[in-house]
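Trainee: task: produce atomic coordinates for the following.
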Amino acid sequence: MAINPTQGIRLELGSEQPTVRAMDLITPIGMGQRGLIVAPPGAGKSTILKHICQAVGKAYPEIKLYALLIDERPEEVTDFKRSVPAEVHASSSDESYAHHVRVADELLNTARQQAGEGHNVMIVIDSLTRLSRVHNAGQKSSGRTMSGGVDARAMEIPRKLFGSARKIENGGSLTILATVLVDTGSRMDQVIFEEFKGTGNMELVLSRDVASQRIFPALDIAKSSTRREELLLDPKELETTRALRRALTGLKPIEAAKKLVDLLEKHPTNAELLNTIRGKGSQQ
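Mentor: Numbering: from 1, shown residues only. Below you'll find the model as predicted:
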């Protein structure tokens, strides 16, 4: 039986990077999370995935950690392999459709089996958009084409892959954090995003406007959230992080992202940052 994630993954325990500290505050994750990282071009999605892998590899060595890179530039694959402690399964852009599909299928089967055996498994995927495009290109037409040239059946396997993330009651877990591309100028990419929107239980939304100001992590804080976050945080922490988010959401997106980055720079740990907010709250 699949249940909501209750065992938190504290990324800050394995990294001091502002990226992962921001995620712990804005979009906390747990074992079995199904997380979507919504990313326009140039907003730093690959860097975020690397930082997540580095943090999890250090803080949670017992988690079986994988990265799935589909239709990626060969030099990006090399860079990813050298940067992270994950087992990288990659199919670069010079390989065939059949190879892309096989790499994804084999990894998913392995991960599901390990989760079924009681292990905690995590896959980061870059990206669901390219995986869906690959399935669309190799799909025999079902005769039903959605807008943007996406065949209706092409989305079945990518949706199934993403949907397989879960916490198994009294068992293991499969956590999937996957990027999906937006604002690329492609109608197909937009349709693919719409298909995945709302299917996760965490969404981290990146902002092109914030990234253009060289503010990283380039989060759109108001649009980013984790469902049932109360299962992952203790009541005191939950109350304070919600107060922080309310304050940030009241600002314009660029101001909010800058304010968060400033707070992270000022306070070396999230606990210290939240204690400061609590102190201010008690003085009012």
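
Trainee: what's the spacing between G116 and G30?
Mentor: Going from G116 to G30 by Cβ to Cβ, to the nearest Å gives 19 Å. Placement of C-beta: from N, CA and C, glycine included.

Trainee: the two: who's more crowded?
Mentor: G30 (24 against 13; other Cβ atoms under 10 Å).

Trainee: distance from stretch 31-45 to the middle of the chain?
Mentor: Stretch 31-45 sits 4 Å away from the centroid of its parent chain (Cα atoms, centre = their mean, to the nearest Å).

Trainee: report the mean per-residue pLDDT for it.
Mentor: For stretch 31-45, mean pLDDT is 96.

Trainee: between the two ends of it, how far is it?
Mentor: One end of stretch 31-45 sits 21 Å from the other (Cα to Cα, to the nearest Å).

Trainee: try stretch 55-71
Mentor: Start and end residues of stretch 55-71 are separated by 25 Å (Cα to Cα).

Trainee: and stretch 25-36, by the same measure?
Mentor: Note: stretch 25-36 ends 16 Å apart using Cα to Cα.

Trainee: wait, a helix at P268?
Mentor: No. P268 is assigned coil when assessed by DSSP: H, G, I helix; E, B strand; the rest coil, not a helix.

Trainee: which phi and psi does it have?
Mentor: phi -70, psi -20 (degrees, to the nearest 10).

Trainee: what comes up buried for stretch 102-117?
Mentor: Residues of stretch 102-117 classed as buried by neighbour count (16 or more other Cβ atoms under 10 Å): 103-104, 107-108, 110-112, 114-115.

Trainee: now the residues you listed in JSON lines, with pLDDT?
Mentor: Formatted as JSON lines, the buried residues of stretch 102-117 follow (pLDDT from 0 to 100):
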{"residue": "V103", "pLDDT": "92"}
{"residue": "A104", "pLDDT": "90"}
{"residue": "L107", "pLDDT": "95"}
{"residue": "L108", "pLDDT": "93"}
{"residue": "T110", "pLDDT": "96"}
{"residue": "A111", "pLDDT": "96"}
{"residue": "R112", "pLDDT": "94"}
{"residue": "Q114", "pLDDT": "97"}
{"residue": "A115", "pLDDT": "96"}
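
Trainee: in a markdown table: the residues you listed, plus distance to D220.
Mentor: Below are those laid out as a markdown table (distance: Cβ to Cβ, whole Å):
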| residue | distance to D220 |
| --- | --- |
| V103 | 31 |
| A104 | 28 |
| L107 | 30 |
| L108 | 29 |
| T110 | 34 |
| A111 | 29 |
| R112 | 32 |
| Q114 | 34 |
| A115 | 31 |
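
Trainee: return the subset of the residues you listed lying in strands.
Mentor: Among those, no member is found in strands (DSSP state E).

Trainee: which of those residues sit farthest apart?
Mentor: With Cβ to Cβ as the measure, no two of these lie farther apart than V103 and A115, at 18.8 Å.

Trainee: tell me the first helix or strand C-terminal of whichever strand or helix holds A67.
Mentor: According to DSSP states H and E, A67 maps onto strand 64-72. Tracing the chain C-terminally past strand 64-72 and defining elements by DSSP H and E, one meets helix 74-83 next.

Trainee: can you list the residues that contact that next one?
Mentor: For helix 74-83, contacts defined as Cβ atoms under 8 Å, 6 or more residues apart in numbering pick out 46, 49-50, 53-54, 67, 69, 72, 88, 90, 92-94.
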